[in-house]
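> Next one to model:
(one chain, ligands or ions: 4)
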Amino acid sequence: MTDAYVRVRGAREHNLRAVDVAIPRDAFCVFTGVSGSGKSSLAFGTLYAEAQRRYFESVAPYARRLIHQVGAPRVEEITGLPPAVALEQRRSAPTSRSSVGTVTTLSNSLRMLFSRAGDYPADSTGRLDSDAFSPNTAAGACPECHGLGRVHRVTEDSLVPDPALSVREGAIAAWPGAWLGKNLRDIVATLGYDIDRPWRDLPQQDRDWILFTEERPVVTVHPEREAGRIQRPYKGQYQSARHYVLHTFSDSQSETQRRRVERFLVSEACPACDGRRLRPEALAVTFAGHDIAALAGMPLAALAALLRPTAEGTGEESVAGTLARDLVARIEVLTELGLGYLSMDRPAPTLSAGELQRLRLATQLRSGLFGVVYVLDEPSAGLHPADTESLLTVLARLKEAGNSLFVVEHDMDVVRRADWLVDVGPRAGEHGGRVLHSGPVDGLAAVDESLTRRFLFDGRGGTGRGGSDGPDGATGGPGGDGAREPRKPSGTVRLSGIHLHNLRGLDAEFPLGVFTAVTGVSGSGKSTLVTRVLADAVRERLGGDAAGDRPEAGAEDGGDEARPTADLTAAEGLDAIDRLVRVDQKPIGRTPRSNLATYTGLFDAVRKVFAATDEARARGYKAGRFSFNVAAGRCETCQGEGFVAVELLFLPGTYAPCTACHGARYNPDTLEITYRGRNIAEVLEMTVDAAADFLAEVPAAARSLRTLQEVGLGYLRLGQPATELSGGEAQRIKLATELQRTRRGHTLYLLDEPTTGLHPADTEVLLRQLHGLVDAGNTVVVVEHDMGVVAGADHVIDLGPGGGADGGRIVASGPPAEVAAAEGSRTSPYLARALG
Ligand code: ADP
Ligand code: ADP
Ligand code: ZN
Ligand code: ZN
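Ligands and ions are numbered 1, 2, ... in the order given. Below is the predicted model of the structure:
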């Protein structure tokens, strides 16, 4: 008889306290606990990591040394562990060229279908290889745009936004600033152009030359005297504004420079392929009358409908029939998971983490694997309660196929359906790390210590993760059970005639000075309305980059350079808003160089404290010395990263501790400086809670640390690399960074599913903060699926009724009680239950 359990003995990864636990195989097992309790350390850090290590040891002996460097999980023994496949949300950012089609591998099948069973033009000489239908290969890519589908151009309007200005007054906004811009101006003057006449009064011929010439004349420039400085004549070479902008955009190493010139480019569909990215030969091939680009642009549900006749065609086993059947079957799983509104050509970077994980989940269903453990990270993220049932069905199918499921989850509706529950806690960091319960779900009812218990068993009829007031001192406040009177709005923003994605002529109203929740099934248009249309309208009114809406290097808007702006016919009421803050789940940085302390600015205060110590002053160490980004103070072997990147096949972005500093990141001299007995590396190792005591005397640091504690992040370490933070943690760090700023005026806060990754107990903490912002006179708008949160809002906007083309309308809006009673809303029954 083989043991039916995976048995873990003595797990000590991160905060786990010598955990012993037995988990049944071939079962659906959930891991619960507050943020930082150790769920991921057990499910991913121990079980998955060990499965991964064993796999590599068996298949790739050459990788052993590297595996050794990366380190095995800290656990005495694990028995009965099958191979594992992880579908996690963090650390799995897709590359910008991937799309729904490539992630799901549906693209391959569709290309095969076109190659083998497409209708070729009469004059074609033979069938094309399936590669010829891919814009990512030389064989397929349109030679004009290299398969991007778009080309960048400059126009007179884009280069000279204000033609009333003269060249001297800065008409050519696209020119670089500082010396280089002055240089170009002086060259133009030397060449005899009038730089003092308004741009629009110059002859067209002159304007064209200045902006667009490909000539690069060299002239001797006698610079004008400026501010009393005398400059010598020099030889300067001209380059037109177009030349400067296009070259900087394609060749500059500097992200800032590229972003600056990007503003002067207009991007348009490639004229050669009409945005379809492929060579003409490939586009000439059709299936059911459409080229492959047209099929890739259809919502998946429509694509399945189009392929169904071929798939169900009777008679002989045609190639077309087989390929179409396969495509339809795979698309059906995606539709079941509420993703039928996506198209294959949708770029992966524009998908939410939840959508991406469900795409991968559906792909696994068809992989035919059995006997493996799937380790998942909150598969309910981004899912409307109406779609939770189909998620459970898909999970059940994976189990029936002979697999085990280890799922980290916060949605109590999913947790209740598990075969087995492992509750970790009771609290975060050093106050957690124990297994409080491992057994059938009902058994948790007897565990007093568990913070999960009251959410699982209170008001069984309720949905979602928030909403119930418990015995834990958390009285829920305004986020509670919806009995509260809605606040009175201080004004209204009205947006009319909205056209973007699936919003077609929509009018929407957002009350100000209140808490608004935007609801609807996945794909109904919530994010489009809130994080694009509303955000863009406010940003435009405020002019330029809105405060706090900081673009993280490369993180924001990855990959959608062709970002269409929302088409609005009117926007009213925006004047009341002074500031816009978008708090999203995008990573706060992509390398281990950014971390909690650097992002919040707290590290500046810490470095100053070290620079002010007697020993540092005696040695002449300034604050910069204590930065791991500055050569003087850091470990040179790892250049201050503490880790070195290890190239491991199949394991992108793996890091091993630096052998010189063992992860300390600094050189020995720097580490000799101590403040209150700790060196800088030891301070970075502290949790926020520990640092709050340690740095209590340092006001600038203490303030940041307090706000981090207030959003429930006391368990994070100051030096925790950005790459190890979940989307939910990143979002709360951004929120804390906002909260610590003293501010005046009316701020609009936009949050996209802020409860993702949060245990209901953490959700309560977050809601108190958000409602506090509203009480201080600000406006909060959240996109949310957690009906507990929605029930506690002042106002609800429900989009739908379906996803994609079936959505994009406001089905109901008003106070929660009103929306709960609305007809035709898929949200109302769930909201009604939460309102109890
Ligand atoms: P959960 O999944 O329950 O939110 P985690 O397992 O991610 O919790 O974290 C448990 C504890 O381990 C936390 O105190 C966290 O700060 C710490 N931790 C997480 N990742 C690391 C790491 N890479 N190195 C050191 N400590 C970590
Ligand atoms: P929700 O937030 O309700 O899940 P979204 O606003 O993300 O819905 O999507 C609404 C519709 O717009 C969907 O059909 C979706 O496929 C489409 N859509 C969203 N973002 C993009 C994008 N960047 N490019 C193209 N289509 C998009
Ligand atoms: Zn093209
Ligand atoms: Zn080092």
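> Could you give me the buried positions within the helix ranked longest in the chain?
In the chain, taking DSSP state H as the definition, the longest helix is helix 319-336. By neighbour count on 16 or more other Cβ atoms under 10 Å, the buried set for helix 319-336 is 320-328, 330-331, 333-336. Any C-beta I mention is one placed from the backbone N, CA and C, and that applies to glycine too.
> Enumerate the residues of this protein near ligand 2.
341-342, 346, 350, 501-502, 520, 522-528, 560, 804 (Cβ under 6 Å from any ligand atom).
> What is the most widely separated pair among these?
Greatest spacing in those, by Cβ to Cβ: 520 and 560 (22.1 Å).
> ok now the longest helix of the chain, how far from the chain's centre?
When distances are taken as Cα atoms, centre = their mean, to the nearest Å, helix 319-336 is centred 29 Å away from the chain's centroid.
> Kindly report the same for stretch 808-816.
For stretch 808-816, the distance to the chain centre is 26 Å (Cα atoms, centre = their mean).
> what does it contact?
With contact meaning Cβ atoms under 8 Å, 6 or more residues apart in numbering, stretch 808-816 is reached by 482, 486, 501-504, 506, 508-509, 517, 520, 524-525, 790-801, 818-819, 822, 824-828, 831, 835.
> Which ones among those map onto strands?
Judged by DSSP state E, strands contain the following of the contacts of stretch 808-816: 503-504, 506, 508-509, 517, 795-800.
> Quick check: of the residues you listed, which lies closest to residue 666?
residue 517 (45.9 Å).
> Against residue 180, how distant is that closest one?
Residue 517 sits 49 Å away from residue 180, going by Cβ to Cβ, to the nearest Å.
> Please say which of the two ends up with more neighbours.
residue 517 (27 against 13; other Cβ atoms under 10 Å).
> what pairs with the more buried one across the strands?
residue 782, residue 796 (DSSP bridges).
> picking up where we left off before, show me which of the ones in strands among the contacts of stretch 808-816 are buried.
Applying 16+ other Cβ under 10 Å to these flags 503, 506, 508-509, 517, 795-800 as buried.
> Need the max-distance pair from those.
Counting by Cβ to Cβ, the most remote pair of those is 503 and 795, 18.9 Å apart.
> In the residues of the chain next to ligand 2, which has the lowest confidence score?
Lowest pLDDT among these: residue 560, with 36.
> that older thread, give me the buried subset of the residues of the chain next to ligand 2.
341-342, 346, 350, 501-502, 520, 522-528, 804.
> Among the residues you listed, which one lies nearest to ligand 4?
Using Cβ to the ion, residue 350 is the member of those that lies nearest ligand 4, at 36.9 Å.
> State the three-state secondary structure for the residue sitting nearest the centre point of the chain.
The residue lying closest to the centre of the chain (Cα atoms, centre = their mean) is residue 586, at 3.4 Å. The three-state label given to residue 586 by DSSP: H, G, I helix; E, B strand; the rest coil is coil.
> is it true that it touches residue 733?
No. Look at residue 586 against residue 733 with Cβ atoms under 8 Å: they stay out of range, at 11.4 Å.
> What residues does the stretch 251-400 of the chain have near ligand 3?
Neighbours of ligand 3 within the stretch 251-400 of the chain, by Cβ under 5 Å from the ion: 270, 272-273.
> Kindly reformat those as CSV containing pLDDT, secondary structure and neighbour count.
Compiled in CSV, these are given as follows (pLDDT from 0 to 100; DSSP: H, G, I helix; E, B strand; the rest coil; neighbours: other Cβ atoms under 10 Å):
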residue, pLDDT, secondary structure, neighbour count
270, 94, coil, 19
272, 95, coil, 14
273, 95, coil, 24
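> Adding distance to residue 21, write those residues out as JSON lines.
What follows is those, written out as JSON lines (distance: Cβ to Cβ, whole Å):
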{"residue": "270", "distance to residue 21": "56"}
{"residue": "272", "distance to residue 21": "60"}
{"residue": "273", "distance to residue 21": "56"}
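> and the residue of the stretch 601-750 of the chain at minimum distance from ligand 1, what does it touch?
Here the stretch 601-750 of the chain gets closest to ligand 1 at one residue, residue 715, 4.2 Å apart by Cβ to the nearest ligand atom. Contacts for residue 715 (Cβ under 8 Å, 6+ apart) come out as 15, 35-36, 427-429, 431-432, 687-689.
> any idea which of the residues you listed is closest to ligand 3?
Using Cβ to the ion, these come closest to ligand 3 at residue 35, 46.2 Å.
> so how far is ligand 4 from the closest one?
In this view, residue 35 and ligand 4 are 30 Å apart by Cβ to the ion, to the nearest Å.
> can you check residue 451 too?
In terms of Cβ to the ion, residue 451 sits 38 Å off from ligand 4.
> Nearest spatial neighbour of that residue, chain-adjacent residues omitted?
residue 761 (4.7 Å; Cβ to Cβ, 6 or more residues apart in numbering).
> before we move on, back to that, tell me which of the residues of the chain next to ligand 2 fall in helices.
526-527.
> and of the residues of the chain next to ligand 2, the nearest to residue 237?
Scanning these for proximity to residue 237, where the rule is Cβ to Cβ, the winner is residue 560, at 35.5 Å.
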